[in-house]
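S.K.: return a 3D structure for these sequence lines:
(one chain, ligands or ions: 2)
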Amino acid sequence: MPDKTASCAICGAPEQDGRPLVPTENGKQVCFQCVELCAAYMLQSKFGGIAAERFSDMVKHTHPEMLPVPAANQPSGLAIEQMELSDLPTPEQLRKELDSYVIGQDLAKKTLCVAVFNHYLRLRQSMDEGDNVEIEKSNILLAGPTGSGKTLLAKTLARILDVPFCIVDATTLTEAGYVGEDVENIVLRLLQAADMDVAKAERGIIYVDEMDKIGRKTQNVSITRDVSGEGVQQALLKIIEGTECNIPPKGGRKHPNQEYIRVNTNNILFICGGAFVGLEDIIRKRLGSSAMGFASIEQDRGKKEYTEEEVLGKAMPEDFFSFGMIPELMGRLPIFSPLTTLTEEQLVALLTQPKNALVRQYAKLLAMSGVELIVEEKALHAMAKLAIDHGTGARALRSIIERIMLDVMYEVPSDKSIRSVTITEDTVLGKDKPVIKRSKAAKA
Ligand SMILES: Nc1ncnc2c1ncn2[C@@H]1O[C@H](COP(=O)(O)OP(=O)(O)OP(=O)(O)O)[C@@H](O)[C@H]1O
Ligand SMILES: [Zn+2]
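M.R.: Numbering: from 1, shown residues only. Ligands and ions are numbered 1, 2, ... in the order given. Predicted coordinates:
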């Protein structure tokens, strides 16, 4: 056992708040933060940021006593069920937190924060007895182009609230009895994300992606059953509106004589997302050319043109019917918010501003070898333009920057003389190499 006056052999921090130091083989001790830092560094350099993040997540569960004590009054990190009403982050606080991870998408952020806040108010209320005004669950539908941040928004909110979260691809689901994934399995996923803690899972968030791909195909004259369409929507509907599920603990097919875990989906918040390509046109058409069309007389007289976000913001349930969405399901997704295509400026911001922005990640990796990374403004714009050409939103940025940084990341660790690396517009366009500065000693 470490003695009372022990301190970390790496950073010198004393043992505090009953957080034990980790004994090493030579009799010294290190603090857990240093252990975690080293492990995260090794994982990150070998397997990337995801591995490091997973490791941190795992530590949270296996060694909660080792973690820094959360600062008082900090909204994030507290389990919802332990929160006093005054501790529940307000929509405004949620929004601020989201802003440090997600660029743009103002309307979606606002809508989500209000909806999520109300959802957890509802949850608290259902725990109070003798109440008779029942607040209905408000699941959320997000529509917007691929790589615009739908999944990121849902995931980030779940992390801020510290509730279990899982992502499900709607196209992999089938109704019970068909080949594919049973809809109930998505509840199992959430349960797994909650470490099989049923009470915790029942307060979690499930993000269902690719909702626009499970439309019923009425136009289809085929006599084969519509396995991926309406049936899946019906099955989803049941879970979304709230039902008692019997989950086989190992997943897969149900067997008789198997023990099930009962999970009630009443308080699980569903956020559904899809690209819904063409939605904007459908809404413009419905609203009529006199109201918003390109050739409208008002517009000729100088009335402003409606933006993508403004038009999508006027979406009604019936606009989704032409995607084959069944009315009952739309009725269970009463809150809707559009996301917009990220602009060049927003993509540039995305590269540099969020806490885990790509450029920041590379800068940090290089800094660990004592090398400074400089990315010129023009280079950032060139990357954004390339990403726009790809048409996959922010998703293209990662592969673009990875390609640019490959040689640098390869060379730097074995060349101790390198002091800084500058990425120019020409580097991005493939016309030139990154500009590398070396220390004077090495030059001479
Ligand atoms: N608005 C944004 N702000 C910051 N990062 C973003 C934003 N949009 C997308 N990204 C980045 O791009 C990646 C893909 O985004 P995301 O998975 O949220 O897209 P999506 O809208 O869900 O697309 P899809 O419909 O294809 O699932 C994310 O990992 C995220 O880092
Ligand atoms: Zn230390």
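S.K.: stretch 358-373 close to ligand 1?
M.R.: No: contact of stretch 358-373 with ligand 1 (CB under 6 Å from any ligand atom) is absent, the minimum separation being 8.1 Å. The way it works is simple: take the backbone N, C-alpha and C, and place the C-beta from them, glycine included.
S.K.: can you list the buried residues in that stretch?
M.R.: 358, 359, 361, 362, 363, 365, 366, 371, 373 (16 or more other CB atoms under 10 Å).
S.K.: need the residues you listed in JSON lines (columns: distance to ligand 2 and secondary structure).
M.R.: Output for the buried residues of stretch 358-373, formatted as JSON lines (distance: CB to the ion, whole Å; DSSP: H, G, I helix; E, B strand; the rest coil):
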{"residue": "358", "distance to ligand 2": "29", "secondary structure": "helix"}
{"residue": "359", "distance to ligand 2": "28", "secondary structure": "helix"}
{"residue": "361", "distance to ligand 2": "23", "secondary structure": "helix"}
{"residue": "362", "distance to ligand 2": "26", "secondary structure": "helix"}
{"residue": "363", "distance to ligand 2": "23", "secondary structure": "helix"}
{"residue": "365", "distance to ligand 2": "21", "secondary structure": "helix"}
{"residue": "366", "distance to ligand 2": "23", "secondary structure": "helix"}
{"residue": "371", "distance to ligand 2": "24", "secondary structure": "coil"}
{"residue": "373", "distance to ligand 2": "26", "secondary structure": "strand"}
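S.K.: between those, which is nearest residue 113?
M.R.: Set against residue 113, the nearest of the buried residues of stretch 358-373 by CB to CB is residue 358 (25.2 Å).
S.K.: sorry, back to before: and the buried residues of stretch 358-373, which is closest to residue 438?
M.R.: Within those, the smallest distance to residue 438 is 10.2 Å, found for residue 371 (CB to CB).
S.K.: didn't that closest one look like it was pressed against residue 422?
M.R.: No: judged on CB atoms under 8 Å, residue 371 makes no contact with residue 422 at a distance of 11.0 Å.
S.K.: residue contacts, the closest residue to ligand 1 within the stretch 201-350 of the chain?
M.R.: Closest contact between the stretch 201-350 of the chain and ligand 1, by CB to the nearest ligand atom, is at residue 350 (4.6 Å). Contact analysis of residue 350 by CB atoms under 8 Å, 6 or more residues apart in numbering lists 103, 342, 357, 358, 394, 397.
S.K.: again, only using 10 Å
M.R.: Contacts for residue 350 were tallied using CB atoms under 10 Å, 6 or more residues apart in numbering; they are 102-104, 149, 342, 357-359, 380, 383-384, 387, 393-394, 397.
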